[in-house]
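Chemist: Model the structure of this input:
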Amino acid sequence: MTRPLRIEFNGAIYHITSRGNARQAIFLNGEDFSDFLGILNSVVKKYNFLLHAYCLMNNHYHLLVETPEGNLSKGMRLLNGLYAQRFNQKHQRVGHLLQGRYQSILVDKENYLLELSRYIVLNPVRAGIVKNPKDYRWSSYQGTIGGQKIPGLFSDWILSQFAKEKRKALKKYQTFVLSGIKEASPLEEVKGQLYLGKDTFMDQIGHLLHDKENLKEIPRKQRYINRLSLKEVLNYQNKNQRDHVIYIAHLQYAYTLKEIAEYLGIHYTTVSRAVKRIEEKDE
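Modeler: This is a model prediction of the structure:
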């Protein structure tokens, strides 16, 4: 499979998902869930992560993690590797537990962290497992509302967005979460399966997101294997976003300028200029 682009920097925030290989369950009982949370807590402490939210489902999990030291990949290798090892030993199985590497999306903290935290803890409600997120044991919701102490969970920032006084903040947070049950997923606004943010956020991380050295870490031949379609990559809402996704389609996914131009119905030179604008911005 194509190795996803990893962008790491101090203070980066990610929505992370990892799924069972061939959609198989990765948690078979309560002990498995507890084992994973224990390992997660150790990783959070070791790498100084800020764990804003999480939800463990039967065959996948969601994390919302902030990395003050820009070290996501180190922590995730330990988390997934150690859990898979323990799971296989306990259940006397061999082979891959998880489906490839984890997926990570860069998140605009100011505009999307709250929405994502709500989306994550509402997973069991949308799946029909419970009617209220407080009734699901394996998410961060109970920890955030104060009903259960969860080691490693960092809920201060989320609650601070609702009120200074904790009691008021807790009440407003619960109202906020419950009001989102029928809301559309914020993940529908993800661009190029890489980032979720407003234009200002894209500009702030642009020099990292489009750094040629980062992109060159992915061998050109490898970019053709199971790469995203142009329809998936070229998802934009305005001209500024168009330049960014054109650049990603060309450098990360190795589409030719001609292929991109034909798909968008624009001239080859227009695509070429878009790539050049991003390159000049990053210099």
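Chemist: For the rest of this, base every contact and every neighbour count on C-alpha atoms.
Modeler: Fine.
Chemist: Show me this structure divided up by domain.
Modeler: The record's domain split for the chain, according to automatic domain parsing, is 12-187, 210-282.
Chemist: what's the least confident stretch among those domains?
Modeler: Mean pLDDT is lowest for domain 210-282 out of the domains of the chain, coming in at a mean of 74.
Chemist: Distance from that one to the middle of the chain?
Modeler: 21 Å (Cα atoms, centre = their mean, to the nearest Å).
Chemist: quick revisit: of all the domains of the chain, which one is nearest Phe201?
Modeler: For the domains of the chain, proximity to Phe201 was assessed by Cα to Cα; domain 12-187 is nearest, at 6.2 Å.
Chemist: Pull up the distance across that closest one, start to finish.
Modeler: With Cα to Cα, to the nearest Å as the measure, domain 12-187 spans 17 Å from end to end.
Chemist: quick one on the thing from earlier: as a markdown table, the domains of the chain with distance to Thr200 and mean neighbour count would be great.
Modeler: Formatted as a markdown table, those follow (distance: least, Cα to Cα, whole Å; neighbours: other Cα atoms under 10 Å):
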| stretch | distance to Thr200 | mean neighbour count |
| --- | --- | --- |
| domain 12-187 | 9 | 17 |
| domain 210-282 | 10 | 16 |
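Chemist: got these as CSV, with distance to Phe201 columns?
Modeler: Below are the domains of the chain laid out as CSV (distance: least, Cα to Cα, whole Å):
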stretch, distance to Phe201
domain 12-187, 6
domain 210-282, 11
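Chemist: Out of those domains, the one nearest Leu194 is which?
Modeler: Using Cα to Cα, the domains of the chain put domain 12-187 closest to Leu194, at 5.0 Å.
Chemist: Could I get the full set of helices for the stretch 51-200 of the chain?
Modeler: Using DSSP state H, counting those that start in this stretch, the helices of the stretch 51-200 of the chain run over 72-90, 109-121, 123-126, 141-144, 156-160, 166-178, 199-209.
Chemist: Distance to His62 added to these, as CSV?
Modeler: Output for the helices of the stretch 51-200 of the chain, formatted as CSV (distance: least, Cα to Cα, whole Å):
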stretch, distance to His62
helix 72-90, 12
helix 109-121, 7
helix 123-126, 9
helix 141-144, 13
helix 156-160, 17
helix 166-178, 16
helix 199-209, 22
